[in-house]
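[1] From the sequence below, what's the structure:
(one chain, ligands or ions: 1)
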Amino acid sequence: MSINCPNCSSVTLKASQIEPQLISQQCPQCEGHWIRLAHYIDWVKSQTIEQAVVEEIDVEVEPNMTTPLICPKTQEPLIPFSVTSDIKHQLHWGQTSKSFWLDKGEWQQMQEKRVADKLTDVFSTERQSQLAPLQQQLNREHLIINAIGKENYSRLKLVRTWLHEQSDEHKALMVSFLVSKDPFKMK
Ligand SMILES: [Zn+2]
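    As a prediction, this is how the structure comes out:
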């Protein structure tokens, strides 16, 4: 079944290989790669593991994306991860489809820093089980954005942050002012 690019939604991914023994699906337009975890793990097993150029490799979820990419298989938002060696590598993980997306050039950079074969930590069962609440949050956010639009959503977030900085008393007054049809009418 053909699937579309998470970046350029109307472009169909084409069968490709990101490495001689690692098959992927590549977008002919933005040149990103979609890789199945099972294929990646097979590839890692076939590699002689070399030391990363930098000893410290840090993996973290970066949930504060303005626009998360959407999984081309499940239509759920992908979870953005950053893998830091001495530079930041980004990947987007499909929790349900067990696949990940790499923008153009990410893999080459990971190869140069010898981080490419060290992503198993990102995909460890332990880490995956911690991601359920985040996936729920992203899904919910995605629904709201779809309903009201990106621009409205980013304004709404600003208002929300500002509102929650106020005292409870002021907050109540402000909320009723915001939602009331006639805020100057005394009860
Ligand atoms: Zn694309």
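[2] what comes up buried for the helix or strand residue 42 falls within?
    For residue 42, the host element (DSSP states H and E) is helix 37-45. Of the residues in helix 37-45, 37, 39, 40, 43 count as buried by neighbour count, 16 or more other CB atoms under 10 Å. For every residue, glycine as well, the C-beta is placed using N, CA and C.
[3] Also stretch 80-98?
    Result for stretch 80-98 [16+ other CB under 10 Å]: buried residues 80-81, 83-85, 89-95, 97.
[4] In PDB, list the C-alpha atoms belonging to it.
    Once non-C-alpha atoms are left out, stretch 80-98 reads as follows in PDB (Å, rounded to 0.1, in the frame of the first residue of the first chain):
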ATOM      1  CA  PRO A  80       9.300  14.300  18.000                       C
ATOM      2  CA  PHE A  81      12.600  13.100  19.500                       C
ATOM      3  CA  SER A  82      15.900  14.700  19.700                       C
ATOM      4  CA  VAL A  83      19.100  12.700  19.900                       C
ATOM      5  CA  THR A  84      22.000  14.900  20.900                       C
ATOM      6  CA  SER A  85      25.600  14.000  20.400                       C
ATOM      7  CA  ASP A  86      27.500  17.300  19.900                       C
ATOM      8  CA  ILE A  87      24.800  18.300  17.500                       C
ATOM      9  CA  LYS A  88      21.100  17.700  17.700                       C
ATOM     10  CA  HIS A  89      19.500  15.000  15.500                       C
ATOM     11  CA  GLN A  90      15.800  15.000  15.000                       C
ATOM     12  CA  LEU A  91      13.500  12.100  14.400                       C
ATOM     13  CA  HIS A  92       9.800  11.600  14.500                       C
ATOM     14  CA  TRP A  93       8.400   8.400  15.900                       C
ATOM     15  CA  GLY A  94       5.200   6.700  15.000                       C
ATOM     16  CA  GLN A  95       4.100   5.000  18.300                       C
ATOM     17  CA  THR A  96       1.400   2.800  16.700                       C
ATOM     18  CA  SER A  97       3.000   2.300  13.200                       C
ATOM     19  CA  LYS A  98       6.400   1.400  14.800                       C
END
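[5] Much appreciated, bye for now.
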